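Sharing a sequence plus its predicted fold:
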Amino acid sequence: MAQWETKSLDPQILVKVKDVIQHDSDIALWRELGADEKTLTKRRAALENFLIQLARERPNPKRRIKPKHEFREDFLFKLPAPDGKKIFSVSEIFNNGVYVHTGSAVSWPDGGGSVCYFNGQGKNISAIWRDSQTLQIAHDSDILFSLKRDTFYFSGDGGTIVYIPISNDK
């Protein structure tokens, strides 16, 4: 139906649909699933009307609608550096309400860059600045990082990152 509505009906698909309807394959399946004769009669009529509709070319194509993507970033925390020039932040990223990953970055007013990424919503991660050039990140020991940088740098300012795994045994 979607192909017909957009005037892009594949002829091979039309042949398969005709075959299913004309040989009562769909009706047989409905019968196996326990449909009564009244329901099967209605289904047969609906399929025949559908086939008639497909046989006529749609006058104007229905416009395809691009799916909308809702991006959401929930910040878990933001931690300014002692020098006040940069901020370390950690956030969980969602697309259409579905968790994608947890990411972190060191950012300055004019830019910055990613520090680490991992999958695992609700995992424990925290950080402290030892000084303005050393960031210490404590994290659950079972986190598998897909990105784990040991340094950060932007426009002449940079430093090192130390990761400290913590036991998440209860």
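Received the coordinates, thanks.

Can you identify the element that follows the longest helix along the chain toward the C-terminus?
In the chain, ranked by residue count with DSSP state H as the criterion, the top helix is helix 37-55. The helix or strand immediately downstream of helix 37-55 is strand 71-80, counting by DSSP states H and E.

Enumerate the positions of that next one that are buried.
residue 79 (16 or more other C-beta atoms under 10 Å). Bear in mind the C-beta positions are built from the backbone N, C-alpha and C, glycine included.

May I have it as CSV, with CA atoms only?
Below are the C-alpha coordinates for strand 71-80, written out as CSV (Å, rounded to 0.1, in the frame of the first residue of the first chain):
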residue,chain,number,x,y,z
PHE,A,71,17.8,14.3,20.4
ARG,A,72,18.1,14.8,24.2
GLU,A,73,21.1,15.2,26.4
ASP,A,74,20.7,14.7,30.1
PHE,A,75,23.7,16.2,32.0
LEU,A,76,24.7,14.0,34.9
PHE,A,77,27.2,16.7,36.1
LYS,A,78,29.4,19.6,35.1
LEU,A,79,32.7,20.2,36.9
PRO,A,80,34.6,23.4,36.4
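
for the following helix or strand past it, packing partners?
Later in the chain than strand 71-80, the nearest helix or strand by DSSP H and E is strand 87-95. If contacts are counted by 3 or more C-beta pairs under 8 Å, 6 or more residues apart in numbering; DSSP states H and E, strand 87-95 sits against strand 71-80, strand 98-108, strand 125-131.

Which of the ones you listed sits closest to residue 30?
Residue 30 sits nearest to strand 98-108 of all these, at 34.4 Å, using C-beta to C-beta.

can you give me the angle the closest one makes with strand 87-95?
In terms of direction (axes from the mean of the first three to the mean of the last three C-alpha atoms, to 10 degrees), strand 98-108 departs from strand 87-95 by 160 degrees.
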